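Visitor: what follows is a predicted structure for the sequence shown.
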Amino acid sequence: AESREVCDGNGYGAGMLDRAIDFVIGDGMQPEVTLRGPKKGAVSTGVADADGDGRPDADAAVVNVQAVIDEFRRLNDWGMGEEDREEEGFRRSQRDAEVGVRVFAGGAKTNGIPRVRWFEPEQLDTPPSALPNERWGIRTDKDDVEDKQAYYLKRIDGTGGEWVEASEICWHKLGTDRTVLRGMPQFWLVAKALRQAEALNSAVAEVSAIQARIAYVREHAAGIMPGQITDFVGGQGDATTRKRTPYGDSYRRVGITEEGTTVDMSSGMKFTAGPVSQGVPAFVQALQSRLRQVCARFGYPEFFTGDASNGNYASLLAAGGPAERAFKRRQMKYAAFQACVYRKACEYAVQVGRLSAADLAAVDIKVKPGGVAVSNKLEEAQVQQIRIQNKILSPQTAMMQNGEDPRLEAANIEAWDAKFGMGAMGL
């Protein structure tokens, strides 16, 4: 609850979560289907260019599995669409520490492609009369807590629930050991710091706004009575208002000012400003201190606190730096969950005859995250070029790291060359 509160209702928390999405998801992650075994890749042994187009032909198993995954992504808005499930799933995982989808078999309307639906963490709960191996809504083997067999999902309206076999579920949790059944929300440890940061910033801004409205302080001469000051202030108003009372109408002057307010006080009365007037820098330092705790929790650069004096974007988001490593680690974890979703979708496609079991058994399904946006782009591009030239990195993988679809780019290049000639490059 605390993690959701600061992610959905706290400006700093929402910003931290959005920046994680920007760097971890970025332009999206790309599924990659390759053959299993020692001859890895999309091309099998034998005839490499049966259609004579000058490019190696992908193995039929790779083509068929990739087609199912592509249809699954389009049907379920996964990695595309206005409400992208890829982005939403990552947001859920960071906010709730858990994200789960239930897979439903496809039919004639979906061309055998399964649908997926989220289930909320609060739906996963211990059922009535649960056995010792059915804690926290997860049934495990009696002797092996890591062997998850089923999940108990409560209905949204709270009228009961049902056990769902693990074969129908893709489940991803964060922040706890493998033997712990449920996850730990990523923002739980810093929820207090985020609340304090927002409260401090709001208080300083509010007091500063009040003080900024005071144009000047007018001190009246000695001997002037409080009633005289009241009459004087009332006479300085810009309008007259009338208030009906049981004893007749009461009139008073109302001051209407746009740029500032005048404070009137008797002689000898001392005007003392609050601590904000003298100590705004100290409050800002306290605010940044609390935000540094949040940055330390997630590996964010210090400029996320609003202070770039000790290190700018160029130095703190450099390739190989702590921020880039932290984002890449989160990418790999979420990519593994997505690979599980894609394989589960293919397994369901096999069940309804949309895909052959032999094709699915012949391939590996992985997800390639895009590159984390760093400041030294030229250096990163040069390293990538050297790796391609030395056959360490394939152009296809480089494209996926840059958030591009290799198949789409290859088709575009082929069409360009066919129209303008090889090497035209648009010049």
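Guide: Alright, I've got the coordinates.
Visitor: does residue 172 belong to a helix, a strand or coil?
Guide: Recorded secondary structure, residue 172: strand (DSSP: H, G, I helix; E, B strand; the rest coil).
Visitor: can you get me a residue count around it?
Guide: 21 (other CB atoms under 10 Å). Any C-beta I mention is one placed from the backbone N, CA and C, and that applies to glycine too.
Visitor: tell me the contacts of the closest residue to it other than its chain neighbours?
Guide: Nearest residue to residue 172, sequence neighbours excluded (CB to CB, 6 or more residues apart in numbering): residue 337, at 3.9 Å. Taking CB atoms under 8 Å, 6 or more residues apart in numbering as the criterion, residue 337 is in contact with 89, 93, 99, 170, 172.
Visitor: list the contacts of the helix or strand harbouring the first one.
Guide: Same thing as residue 89. Residue 89 belongs to helix 85-96 when assigned by DSSP states H and E. Residues from elsewhere that reach helix 85-96, judged by CB under 8 Å, 6+ apart: 3-4, 7-8, 17, 20-21, 24-25, 28-29, 76-79, 98-99, 101, 116, 118, 121, 172, 174, 183, 185-187, 334, 337-338.
Visitor: backbone phi and psi for the residue nearest to residue 172, please?
Guide: phi -60, psi -40 (degrees, to the nearest 10).
Visitor: would you quantify the distance from it to residue 356?
Guide: 26 Å (CB to CB, to the nearest Å).
Visitor: can you check residue 116 too?
Guide: 22 Å.
Visitor: between the two, which has more neighbouring residues?
Guide: The residue with more neighbours, out of residue 116 and residue 356, is residue 116; 21 against 15, by other CB under 10 Å.
Visitor: ok, what's across the strand from the more buried one?
Guide: On the basis of DSSP bridges, residue 116 is bridged to residue 103.
Visitor: in contact with it, which residues?
Guide: So residue 116 contacts 76, 78, 85, 101-104, 170, 341, 345 (CB under 8 Å, 6+ apart).
Visitor: can you put the residues you listed in CSV and add neighbour count?
Guide: Formatted as CSV, these follow (neighbours: other CB atoms under 10 Å):
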residue, neighbour count
76, 22
78, 24
85, 21
101, 25
102, 17
103, 21
104, 13
170, 21
341, 25
345, 28
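Visitor: re the thing from before, now the helix holding residue 89, how far from the centre of its chain.
Guide: Centroid separation for helix 85-96 versus its chain: 6 Å, with CA atoms, centre = their mean, to the nearest Å.
Visitor: and what of stretch 104-111?
Guide: 30 Å.
Visitor: end to end, how far does it reach?
Guide: One end of stretch 104-111 sits 13 Å from the other (CA to CA, to the nearest Å).
Visitor: got the buried residues for that stretch?
Guide: Using 16 or more other CB atoms under 10 Å as the test for burial, stretch 104-111 gives 106, 110.
Visitor: neighbouring contacts of it?
Guide: 71, 75, 112-117, 348-349, 351-352, 354.
Visitor: could you do stretch 69-81 as well?
Guide: With CB under 8 Å, 6+ apart, stretch 69-81 has contacts from 28-29, 31, 33, 83-86, 110-111, 113-116, 338, 341-342, 345-346, 349, 365.
Visitor: what about residue 354, how many residues nearby?
Guide: Around residue 354 there are 21 residues (other CB under 10 Å).
Visitor: quick one: residues contacting residue 28.
Guide: Here residue 28 is in contact with 79-80, 84, 86, 370, 403 (CB under 8 Å, 6+ apart).
Visitor: and the residues you listed, which of them are buried?
Guide: 79, 84, 86, 370, 403.
Visitor: between those, which is closest to residue 397?
Guide: residue 370 (11.4 Å; CB to CB).
Visitor: shouldn't that closest one be within a helix?
Guide: No. Using three-state DSSP, the assignment for residue 370 is coil, not a helix.
Visitor: just the pLDDT for it.
Guide: Residue 370 carries a pLDDT score of 80 in this model.
Visitor: so it sits against residue 402, correct?
Guide: Yes. Counting by CB atoms under 8 Å, residue 370 touches residue 402, with 6.7 Å between them.
Visitor: okay, now residue 334: neighbour count?
Guide: Residues near residue 334, counting by other CB under 10 Å: 23.
Visitor: any idea which helix or strand carries it?
Guide: Judged by DSSP H and E, residue 334 forms part of helix 322-351.
Visitor: if we go by neighbour counts, what in the next helix or strand after that helix is buried?
Guide: As assigned by DSSP H and E, the chain's next helix or strand after helix 322-351 is helix 357-361. Neighbour counts over helix 357-361 (16+ other CB under 10 Å) mark 359-360 as buried.
Visitor: okay if I get the contacts of residue 116 as JSON lines plus distance to residue 286?
Guide: Output for those, formatted as JSON lines (distance: CB to CB, whole Å):
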{"residue": "76", "distance to residue 286": "46"}
{"residue": "78", "distance to residue 286": "43"}
{"residue": "85", "distance to residue 286": "40"}
{"residue": "101", "distance to residue 286": "42"}
{"residue": "102", "distance to residue 286": "46"}
{"residue": "103", "distance to residue 286": "49"}
{"residue": "104", "distance to residue 286": "51"}
{"residue": "170", "distance to residue 286": "43"}
{"residue": "341", "distance to residue 286": "43"}
{"residue": "345", "distance to residue 286": "50"}
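Visitor: of those residues, closest to residue 398?
Guide: residue 78 (23.3 Å).
Visitor: what distance do you get for that closest one to residue 186?
Guide: 22 Å.
Visitor: swap in residue 199?
Guide: 21 Å.
Visitor: higher neighbour count, the two?
Guide: residue 186 (22 against 13).
Visitor: is it true that that one lies in a strand?
Guide: No. According to three-state DSSP, residue 186 belongs to no strand; its state is coil.
Visitor: nearest spatial neighbour of it, chain-adjacent residues omitted?
Guide: Using CB to CB, 6+ apart, the nearest residue to residue 186 is residue 94, at 5.0 Å.
Visitor: report how many residues lie close to the closest residue to residue 160 other than its chain neighbours.
Guide: If you skip the residues right next to it in sequence, residue 160 has residue 154 as its closest partner in space, 7.2 Å away by CB to CB, 6+ apart. Using other CB under 10 Å, residue 154 has 19 other residues around it.
Visitor: equivalent analysis for the one 4 residues further on, please.
Guide: Applying the criterion other CB under 10 Å, we find 10 residues in the vicinity of residue 158.
Visitor: what distance do you get for the residue nearest to residue 172 to residue 185?
Guide: Distance of residue 337 to residue 185, computed by CB to CB: 17 Å.
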